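K.L.:
Test case, fold it:
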Amino acid sequence: MAAMLVNALIYALAIRRGQNGLPGCEVYHDNECQGSTIVTNESMASRRWVTPAQGSVGYLPSYQDYSHLVAYAHVLYSDATLRSATVELRAEHKNGESVSLSYVFDGVKQAAAKRSFTSTFSKPLTLAVEGSDGTRLTLEPVDFHWNAPNITARPGDYRGGQKGAIVELFGWPDADVEAECEFLGSAGYLGVKLFPHQEQLMSSEPFNGVLNPWYFMYQPVSYRLEGRMGTRDDLRQLVRTCRQAGVRVYADAVINHMTGGGNDMGKHRRDAGGGTCVHWGNKSSSMGGGPSPFFTQSSTYEVSPATGLPSSQEFPAAAYGPLDFHCERVLNSWNDPLELNAGWLTGLTDLNTEREHVQERIAAYLTDLIGLGMSGFRIDAAKHIHPDDLVAILAKLRRNLGGSLPTDFLTWLEVLLGGEADLLMCDASSSYNYGGYLLQALRTAGLTEEEAATVKIWNSGYPKEPEKGLVGCSATPETTVRAVIQNDDADQQNPGSSSRDMGDDGCVLIKGCDPDEHRAYEVKLFEAPKGATDNANDFPIRVLLSSFYWPSGGRSEDEGVQGIPDGKSDCAGCTVGCQDCHSVPVAQAHDASSTGYDGPTYTRVHRDAEIIAAMRKWMGMTL
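P.N.:
Predicted coordinates for the structure are as follows:
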């Protein structure tokens, strides 16, 4: 409270002196959590609508009329067949009911916000919202699930999509994944997991010496499917091709947070000591044609011309405003449920997933992915979303999908474990628990036993302590079915990461693991995984990572460079601060001649013949 009063006084004095913001190197700190408070104060609602309007300084054509209008599509399928649906455009205008809204479906304007469609509608649905004051938004189109091709049947013990091996293609552009799907299908893989595809942070200025490091993919700007790896059209075509090859597609869903504080379209600075201010410029996004507007409160020192106040968290293209986020809190404790839920993980603006609006918006995003033809999700940073909130979101998704989850639906939650395993998995009475507590909450929310079993935990205790990642930390047929196992993972690519201890039962290829050693562990993943007593039925979902090597090139200064060889981490795209840019040259991810472990850039371990043979034997296929 004292900090808020001090900043308010400084702000008032600055305005009185005619300054636009704070003097010296001061920045605002007036939405930081105090005590056990986690919600943003209602007064912060006055800091909304800071997007520059058309004709004003700082306006970009890609901002449309987000200065006055936000909207998103809510799709509700009529029943579990997913053959008919009602689309509602949920819109809000800055000036409230004083401005009447019209809704445009497939080019036809109407006064009602809803319109129903059936499977006779065979194309993506174009959408727009118009205000009587002349404002207008063009929204992302809606893809209906009935337009996705059926998944081609293949021989093997897939159990309707509930058993099999999923390949994570880390850093692979959509076109390369699409080209790989024929091989994935013929090899016998259940599916492919993509990395985040929503509009995400991008920059022409290096961050820690790297242009657009891989973790920028995990900093959403909106839920528009215009990501680094490809456009919505690219993604739609990828999903179609993969399904026709018999390969299911899973999305990496980032729903705990939006982009990091200070990584937005505003001006930011920090005190470097000695009266010196360090300034950094605006970020952009992966959206072609220009970014959606997005703003955060972190490290701000100016006020918005639109409000006369500092900015707060606002992501208009996602229809999020300041009250949709937890107040700012550093995440210092991994054993404190309050901090796990509401802390800003590495400074990422934390969504208040307790709010009904936030739950509905996330459920609409997940529904959109299913409509495109996805079969499920990997939920990023799931342990930072309260179990009750996750259940509420999944229940809303289930409602949107006609009242039940598709029979081949699958999702797995990223729940990294360490000393907090008892809290998160073992002790169902802790209430912040993804084991027995989450399972019971799913049942209470109306999910059937079969549906609840499709909500799995990515077992970060595997392979050294696989029991830690099981419901109740005890191995039974009922608990192993809810655990997804993997020998290595993308997080382990982060230099210095210690989120998993694989002991003598696994290694991370790009951290110096010998290919022969790595191959043996991947074969073991299918032949005799640690903790399995019934290999045919325990751990029915197993994941392989095909990734890329860090581009050291023999230069010590490039060790640990965390860019992606997709061309967007190449310093040729740098415009500011380029003297410290460590370039990552572009390389082709898809290589039809690869047999795995043949580098020099991408690893492609899923193409190794020994690994494929072990996987096929586990799946009951001919070798």
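K.L.:
Now Thr407: which helix or strand?
P.N.:
Per DSSP states H and E: Thr407 is located in neither a helix nor a strand.
K.L.:
same deal with the one 5 residues further on?
P.N.:
In the assignment (DSSP H and E), Trp412 maps to strand 410-415.
K.L.:
Run the chain-centre distance for that strand.
P.N.:
Strand 410-415 sits 12 Å away from the centroid of its parent chain (C-alpha atoms, centre = their mean, to the nearest Å).
K.L.:
Which SSE is immediately downstream of that strand?
P.N.:
Tracing the chain past strand 410-415, the next element assigned as helix or strand by DSSP H and E is helix 421.
K.L.:
what does that following helix contact?
P.N.:
Here helix 421 makes contact (C-beta atoms under 8 Å, 6 or more residues apart in numbering) with 461, 468, 473. No exception for glycine: its C-beta is placed from N, CA and C like everyone else's.
K.L.:
If you count contacts, what does the strand holding Trp412 end up packed against?
P.N.:
strand 376-379, strand 455-459 (3 or more C-beta pairs under 8 Å, 6 or more residues apart in numbering; DSSP states H and E).
K.L.:
May I see the domains of this structure written out as residue ranges?
P.N.:
Segmentation of the chain into domains, based on automatic domain parsing, reads 69-134, 161-194+229-256+353-548+587-618.
K.L.:
about what we covered before: kindly reformat the helices and strands packed on strand 410-415 as CSV containing mean pLDDT and distance to Pro155.
P.N.:
CSV is the format used below for the helices and strands packed on strand 410-415 (pLDDT from 0 to 100; distance: least, C-beta to C-beta, whole Å):
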stretch, mean pLDDT, distance to Pro155
strand 376-379, 98, 22
strand 455-459, 96, 25
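K.L.:
and the gap between Val455 and Val481?
P.N.:
Val455 is 11 Å from Val481, where distance means C-beta to C-beta, to the nearest Å.
K.L.:
Could you work out which of the domains of the chain reaches nearest to Phe294?
P.N.:
Across the domains of the chain, Phe294 has its closest neighbour in domain 69-134 (12.2 Å, C-beta to C-beta).
K.L.:
Now find how far off-centre the closest one is within its chain.
P.N.:
Centre-to-centre, domain 69-134 and its host chain are 25 Å apart (C-alpha atoms, centre = their mean).
K.L.:
average pLDDT for it?
P.N.:
Confidence for domain 69-134, expressed as mean pLDDT, is 98.
K.L.:
now the end-to-end length of it.
P.N.:
Taking C-alpha to C-alpha, to the nearest Å, the first and last residues of domain 69-134 lie 11 Å apart.
K.L.:
Could you give the backbone dihedrals for the closest residue to Gln562 other than its chain neighbours?
P.N.:
Distances taken as C-beta to C-beta, 6 or more residues apart in numbering put Pro213 closest to Gln562, at 4.3 Å, once the chain neighbours are dropped. Note on Pro213: its backbone torsions stand at phi -60, psi 160 [degrees, to the nearest 10].
K.L.:
Quick check: Pro213 touching Gly563?
P.N.:
Yes: counting by C-beta atoms under 8 Å, Pro213 does reach Gly563; the two are 5.8 Å apart.
K.L.:
Are there residues contacting both of the two? Which ones?
P.N.:
In terms of C-beta under 8 Å, 6+ apart, Pro213 and Gly563 are both contacted by the residues Ser569.
K.L.:
quick one: which of those two has more around it?
P.N.:
Neighbours were counted for Pro213 and for Gly563 using other C-beta atoms under 10 Å; Gly563 has more, 28 against 20.
K.L.:
Report the angle between the lengthiest helix in the chain and strand 410-415.
P.N.:
Across the chain, the helix with the greatest residue count (assigned by DSSP state H) is helix 356-372. If you take axes from the mean of the first three to the mean of the last three C-alpha atoms, to 10 degrees, helix 356-372 sits at 130 degrees to strand 410-415.
K.L.:
Now helix 356-372: buried residues?
P.N.:
358-372 (16 or more other C-beta atoms under 10 Å).
K.L.:
Which two of those have the greatest separation?
P.N.:
So, the buried residues of helix 356-372 by C-beta to C-beta: farthest apart are Val358 and Leu372, at 21.8 Å.
K.L.:
how near is Leu211 to Asp336?
P.N.:
The gap separating Leu211 from Asp336 is 36 Å, by C-beta to C-beta.
K.L.:
actually Lys114, not the one I typed
P.N.:
Using C-beta to C-beta, Lys114 is found at 43 Å from Asp336.
K.L.:
thinking again about what came up before, please name every helix or strand in contact with the longest helix of the chain.
P.N.:
When contacts are defined as 3+ C-beta pairs under 8 Å, 6+ apart, helix 356-372 packs onto strand 69-77, helix 232-244, strand 248-253, helix 387-400.
K.L.:
Other residues contacting that helix?
P.N.:
For helix 356-372, the external contacting residues (C-beta under 8 Å, 6+ apart) are 72-75, 90, 140, 142-145, 148, 198, 223, 225, 235-236, 239, 251, 253, 255, 318-320, 324, 351-353, 377, 389, 392-393, 396-397, 399-401, 406, 409.
K.L.:
try it again with 7 Å
P.N.:
Here helix 356-372 makes contact (C-beta atoms under 7 Å, 6 or more residues apart in numbering) with 72-75, 142-145, 148, 223, 235-236, 239, 251, 253, 255, 318-319, 324, 351-353, 377, 389, 392-393, 396-397, 400-401.
K.L.:
With only the CA atoms kept, save whichever helix or strand Glu522 is part of in CSV.
P.N.:
Using DSSP H and E, Glu522 sits in helix 515-527. What follows is helix 515-527, C-alpha atoms only, in CSV (Å, rounded to 0.1, in the frame of the first residue of the first chain):
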residue,chain,number,x,y,z
PRO,A,515,24.1,-41.2,-29.9
ASP,A,516,24.5,-44.9,-29.3
GLU,A,517,23.8,-44.4,-25.6
HIS,A,518,20.8,-42.2,-26.4
ARG,A,519,19.4,-44.7,-28.9
ALA,A,520,19.7,-47.5,-26.2
TYR,A,521,17.6,-45.4,-23.8
GLU,A,522,15.0,-44.6,-26.4
VAL,A,523,14.7,-48.3,-27.3
LYS,A,524,14.3,-49.0,-23.5
LEU,A,525,11.5,-46.5,-23.4
PHE,A,526,9.5,-49.0,-25.5
GLU,A,527,10.9,-52.3,-24.4
